[in-house]
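# pasting the sequence and the predicted coordinates here, then a few questions.
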Amino acid sequence: MASAENFNPADVSSPAGERPLQLLRFIPFRRRDLLRMLRDEAALDADALERFEAGVTQIEAAFATEFHTLRQQVKDRYAALDPDADTRFVAGEKESAEDEARELAASLATLLNRGNYEVLTEADLRRAFRNASLFQVRLRVDMKDFDDVLLYCRGASERQETVTGLFGLWKRSLKFINYDRVVLYLRFADRRQGGDSEFPPGRVMIKLFQNVPDADLEMLFPNTRVGMRWIDRLLIGVPAVASGVVVATTKLGAPLLLLGTLLGFWLGVHNDPVTLDKRGLLVLGAGVGALGAYLWKQWSNYRHRKARFRQMLTRNLYFKLLDNNGGVLLRVLDDAEDSECKEAFAALYFLLSAPDGLTAAELDQRIEDWFARRWSAHLNFEIDDALGKLASLSLAREVEGRWQLCDAMDMA
């Protein structure tokens, strides 16, 4: 149970009450762990196990070579856009920053797909913006600040949490979609007038976050602004009005009466002259001081509440942020390489366990059943992609609708 103001969505990472929204393409095990899981299954004889180990070596070598080349290409493409670069730029023939950003975004989207990340569409983002924030804070994002936005997630589940407010006087059960990983790519627009110097035009920003509720996707954007909800306005406004009435009746009565008398004399409402002596000036000064103190207190209360909301936002972002800019690219490259290897390992192992071969659908069902039955992991295994990898490495081929291992597997 959490209070509305102290509720931290980063604390809802436990699987209790969690329900997957869809089957994952992502295999939620480390590459080394998956290999150990497959070997411990003991479904292969000595000869088949030897062929499996040879295939694993070939798969890892092929993808290590491919992703080493990709890593250099992505780093070169990002170099001119990297805000954290500590190397000097050598002038020469180069594409425009816009073209480089476009190519980088395309490369990143391809890598994220290979790493089993799912794209969050503009409709998903609009729906998330409409939902109530779990922080009990109103957040605003001006999407016109960006020319390009890419938002990808991996691992989406439905969760439920009970929050309380008004000192525990009310309770509410919230259902929300939680994303295990979220990658955000932004390229800032040229607003020309009124632009923020902190976000120069054309600058590219890449962020990786963990454990993000869909209703709080706004907090991931660098131009997020904290606003006041109607309940916050009431909590400030009602006490302000009440205290204002008290101040007006106790502190401002004499000054207001004096000002009213002076105004009446100046407007000709009455002819009795009003003498503004030293005592009158002291009364007016005390009234102005009381009014100023009252207004300053209300303004301070407003600023204090907004500062508390910003502190909540900063605290939660601190625990959700995993990586920035170039570091995100390297993580995504590693994720994509691991995903490609894991899919190929699983397809190879279960083909070896079926000497007569299997159709793609049979192999897909066998792999998904194994993950669900043995490891409680419900997957949407990408069988076509996995078999395509094995075929490209000459490890397997399709004969009359059934997939079989190639006879000439590299045993080195």
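Arrived safely, thanks for sending.
# give me the below-cutoff pLDDT ranges for the stretch 101-250 of the chain.
Where the stretch 101-250 of the chain drops to pLDDT under 70, the residues are 131-138, 162-170, 172, 191-199, 226-250.
# neighbours around the closest residue to Arg187 other than its chain neighbours, how many?
Distances taken as C-beta to C-beta, 6 or more residues apart in numbering place Asp148 nearest to Arg187, at 4.1 Å, with adjacent residues excluded. The C-beta positions use only the backbone N, C-alpha and C, and glycine is treated the same way. With neighbours defined by other C-beta atoms under 10 Å, the count for Asp148 comes to 15.
# ranges for the strands of this protein?
Taking DSSP state E to define them, one finds strands in the chain at 2-3, 19-20, 118-119, 138-140, 146-165, 170-188, 204-213, 225-227, 321-324, 396-399, 402-405.
# which residues touch the closest residue to Asn380 other than its chain neighbours?
Of all residues not flanking Asn380 in the chain, Leu23 sits nearest, at 3.7 Å (C-beta to C-beta, 6+ apart). Remark: with contacts taken as C-beta atoms under 8 Å, 6 or more residues apart in numbering, Leu23 is in contact with 378-380.
# residue ranges for the helices of the stretch 301-412 of the chain, please.
For the stretch 301-412 of the chain, the helices defined by DSSP state H, counting those that start in this stretch occupy 325-352, 360-375, 383-392.
# so which of the ones you listed gets nearest Ala128?
helix 325-352 (20.7 Å; C-beta to C-beta).
# buried members of the contacts of Leu23 into PyMOL, please.
With 16 or more other C-beta atoms under 10 Å as the burial test, the buried ones among the contacts of Leu23 are selected in PyMOL as follows:
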select buried, resi 379
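# can you redo the contacts of Leu23 as TSV with distance to Leu351 and pLDDT?
Shown next, in TSV, are the contacts of Leu23 (distance: C-beta to C-beta, whole Å; pLDDT from 0 to 100):
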residue	distance to Leu351	pLDDT
His378	22	89
Leu379	17	89
Asn380	19	91
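# and Trp370, how close does it get to Leu49?
Trp370 is 17 Å from Leu49, where distance means C-beta to C-beta, to the nearest Å.
# actually Lys207, not the one I wrote
Distance from Lys207 to Leu49, by C-beta to C-beta: 43 Å.
# which of these two has more neighbours?
Taking other C-beta under 10 Å, Lys207 and Leu49 do not tie; Lys207 has more neighbours (21 against 16).
# and the closest residue to the more buried one other than its chain neighbours, what are its bridge partners?
If the residues on either side of it in the chain are set aside, Lys207 comes closest to Leu184, at 4.6 Å by C-beta to C-beta, 6+ apart. Beta bridges link Leu184 to Leu151, Lys207, judged by DSSP bridges.
# in terms of contact, does Leu184 touch Phe209 like I think?
Yes. Using C-beta atoms under 8 Å, Leu184 is in contact with Phe209, at 7.2 Å.
# which neighbours do these two share?
Shared contacts of Leu184 and Phe209, counting by C-beta under 8 Å, 6+ apart, come down to Leu220.
# what ranges of the stretch 301-412 of the chain fall below the confidence cut-off?
Low-confidence segments of the stretch 301-412 of the chain (pLDDT under 70): 301-313, 408-412.
# swap in 90 and give it another go.
Within the stretch 301-412 of the chain, the segments meeting pLDDT under 90 span 301-320, 355-356, 377-379, 405-412.
# excluding sequence neighbours, find me the nearest residue to Leu390.
Spatial nearest neighbour of Leu390, excluding adjacent residues (C-beta to C-beta, 6+ apart): Ala396 at 3.9 Å.
# beta partners for Asp323?
Beta-bridge pairing of Asp323 under DSSP bridges involves Leu208.
# which ones are touching it?
Counting by C-beta under 8 Å, 6+ apart, Asp323 has contacts 207-208, 331.
# change it to 10 Å
183, 206-210, 329-332 (C-beta atoms under 10 Å, 6 or more residues apart in numbering).
# again with Asn380
22-26, 116, 364, 368.
# so which of those residues is surrounded by the most neighbours?
Asn116 (24 neighbours).
# tell me the phi and psi of that residue?
Per-residue torsions, Asn116: phi 70, psi 30 (degrees, to the nearest 10).
# comparing the helices of the stretch 301-412 of the chain, which comes out most buried?
The highest mean neighbour count among the helices of the stretch 301-412 of the chain, using mean count of other C-beta atoms under 10 Å, belongs to helix 325-352: a mean of 22.
# good, we can wrap up now.
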